[in-house]
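1. I'd like to go over a predicted model; first the sequence, then the structure.
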Amino acid sequence: MENQKNYSLTEIGPMENITRVILRDTLSLTGAEISANRLPAGKASAFAHSHKRNEEIYLFTAGKGFFWLDGAIIPVREGSSVRVSPVCVRALKADESEPLSYFCIQVDEGSLVQATRADGIISDVKPQW
Ligand code: ZN
């Protein structure tokens, strides 16, 4: 049965073909919300927003633009990573010359109790490629 697998996979295709894709349902996420996003050149978020309890991590994968964070304007581009506290009012704008692609990961602020070495378990299973 498909729903008994210990993993899920979805394909969003090339980032240049999307506007916004929410992966929570397609990946059956239980602890995070992830969206893939692309703002066309010169376009901005439809509105500024904050959150009640989720912090957001923005991972910029292509293009360049500007992040409006509580009134400060920060330039971002491919390779930029930004964490935003829930209460911070935010908005994005793509540069006039190129679109801005990014993933946004939402998690409950303060929910991470262990990571990587503290949570990982090295397996005896050897993958047969
Ligand atoms: Zn948000």
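-> Everything's here; your move.
2. Give me the buried positions along the helix or strand of the chain with the lowest mean pLDDT.
-> When the helices and strands of the chain are scored by mean pLDDT, DSSP states H and E, strand 20-22 comes last with a mean of 95. Within strand 20-22, the residues scored as buried using 16 or more other CB atoms under 10 Å are residue 21. Backbone N, C-alpha and C define where each C-beta goes, glycine included.
3. what does the helix or strand following it contact?
-> Counting by DSSP states H and E, the element after strand 20-22 in chain order, helix or strand, is strand 33-39. Strand 33-39 is contacted by residues 12, 15-16, 18-24, 27, 45, 54, 65, 92-94, 99-107 when judged by CB atoms under 8 Å, 6 or more residues apart in numbering.
4. re earlier: and the least confident helix or strand of the chain, how far from the chain's centre?
-> In terms of CA atoms, centre = their mean, to the nearest Å, the centre of strand 20-22 is found 10 Å from the chain centre.
5. which outside residues touch it?
-> With contacts defined as CB under 8 Å, 6+ apart, strand 20-22 is touched by 12, 33-38.
6. Any chance of the residues you listed in a markdown table with distance to residue 77, pLDDT and neighbour count as columns?
-> Formatted as a markdown table, these follow (distance: CB to CB, whole Å; pLDDT from 0 to 100; neighbours: other CB atoms under 10 Å):
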| residue | distance to residue 77 | pLDDT | neighbour count |
| --- | --- | --- | --- |
| 12 | 21 | 94 | 13 |
| 33 | 24 | 97 | 15 |
| 34 | 21 | 98 | 18 |
| 35 | 19 | 97 | 17 |
| 36 | 17 | 97 | 20 |
| 37 | 15 | 97 | 20 |
| 38 | 14 | 97 | 21 |
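7. Among those residues, which pair sits farthest apart?
-> 33 and 38 (17.4 Å; CB to CB).
8. Helices of this structure, start to end?
-> For the chain, no helices are identified by DSSP state H.
9. now residue 98: how far from residue 92?
-> To residue 92, residue 98 is 14 Å away according to CB to CB, to the nearest Å.
10. More neighbours: which of these two?
-> Counted by other CB atoms under 10 Å, residue 98 and residue 92 do not tie: residue 92 has more neighbours, with 22 against 16.
11. Next, find the distance separating that one from residue 33.
-> For residue 92 relative to residue 33 (CB to CB), the value is 17 Å.
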